[in-house]
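# What follows is a predicted structure for the sequence shown.
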Amino acid sequence: MKPAKTRQILTAPRSWRDMPMGDYFRDALTQQLQPYLGKLYGFHMLKIGSLSAEINTSQCAISHQVNVGIEGDELQVIANNTQLPFESKSIDACLLAHTLAWSQDPHRVLREVDRVLIDDGWMIISGFNPFSLLGISKVIPGLHSRAPWSGRMFSQVRLLDWLSLLNYEVVYRTRFQVVPWHRQGGRVISAHLPALGCLNIVVARKRTFPLTPTKMKKSLSQSQLRQTVNVTRQFREVKDQDST
């Protein structure tokens, strides 16, 4: 498994239109997110990256939504994803639509997002599935320099592992859109082979309590009170002497 951090300079596309079938990817992702956008609540939401900025989140109850990233037409705040200009625990939800795909250090991006999120805040991550038809086609010569193949593709299992280390509870995850079109044939294939979907979505919540018991807590819960040595015997001896 390749390390998450890389020295390679990755340039994210400024828009979904800068990649083949980008409009279809954007629309499919937006449609899948709608049921969960309606469940988000709070005061502030960050849409991190130029691709996140183009996702329609009007169904979200959070009214104050800010688009932040390095470059893009829809951005409102220009900032590095690893140095967000917001106070700790001040954001209710963060959307990272394919943000990690063009990040040199995805671990650092996740830690920075975790810093600004409030307790029980929401993190929504999407990306391309490396085990899909789109991911396999990355081995074709000449595609490495073009989006979406120029980005990095992380498996859903790897994303879940990163989130568990940050103590996030995954409430929803899916893979969908096997082929990048919405015609009848594409819908049928996507419905019967979701595991081969080229798009990943993970919805998680920040938790303040440990989701898995640690070894120390296990040992404390299993420990029992021990009887003090000789207490019962000495009590009986004193009682017998008083009766005589």
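Yep, that arrived. Residues are numbered from 1 along each chain as shown.

# Can you report the mean pLDDT over the residues of stretch 53-62?
Computed over stretch 53-62, the mean pLDDT rounds to 94.

# Sort out which residues of that stretch are buried, please.
For stretch 53-62, a neighbour-count test (16 or more other C-beta atoms under 10 Å) marks Ala53, Glu54, Ile55, Thr57, Cys60, Ile62 as buried. Just so you know, the C-beta spots here come from the backbone N, C-alpha and C atoms, and that holds for glycine as well.

# Please identify which pair of those residues lies farthest apart.
Glu54 and Ile62 (17.4 Å; C-beta to C-beta).

# Adjacent strands (with direction) for the longest strand belonging to the chain?
Criterion DSSP state E: the longest strand present in the chain is strand 117-128. According to DSSP bridges, strand 117-128 forms sheet pairs with strand 91-97 (parallel), strand 199-206 (antiparallel).

# chain center to the last one: distance?
On the basis of C-alpha atoms, centre = their mean, to the nearest Å, strand 199-206 is displaced by 5 Å from the centre of the chain it belongs to.

# ditto for stretch 93-109
Using C-alpha atoms, centre = their mean, the offset of stretch 93-109 from its chain centre is 9 Å.

# Please apply the same query to stretch 132-147.
Relative to the centre of its chain, stretch 132-147 is centred 24 Å away, using C-alpha atoms, centre = their mean.

# JSON lines for the strands paired with strand 117-128, including mean neighbour count, mean pLDDT and distance to Glu112?
Shown next, in JSON lines, are the strands paired with strand 117-128 (neighbours: other C-beta atoms under 10 Å; pLDDT from 0 to 100; distance: least, C-beta to C-beta, whole Å):
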{"stretch": "strand 91-97", "mean neighbour count": "26", "mean pLDDT": "97", "distance to Glu112": "10"}
{"stretch": "strand 199-206", "mean neighbour count": "21", "mean pLDDT": "95", "distance to Glu112": "13"}
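
# Turn those into CSV, including distance to Val66.
Shown next, in CSV, are the strands paired with strand 117-128 (distance: least, C-beta to C-beta, whole Å):
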stretch, distance to Val66
strand 91-97, 9
strand 199-206, 18
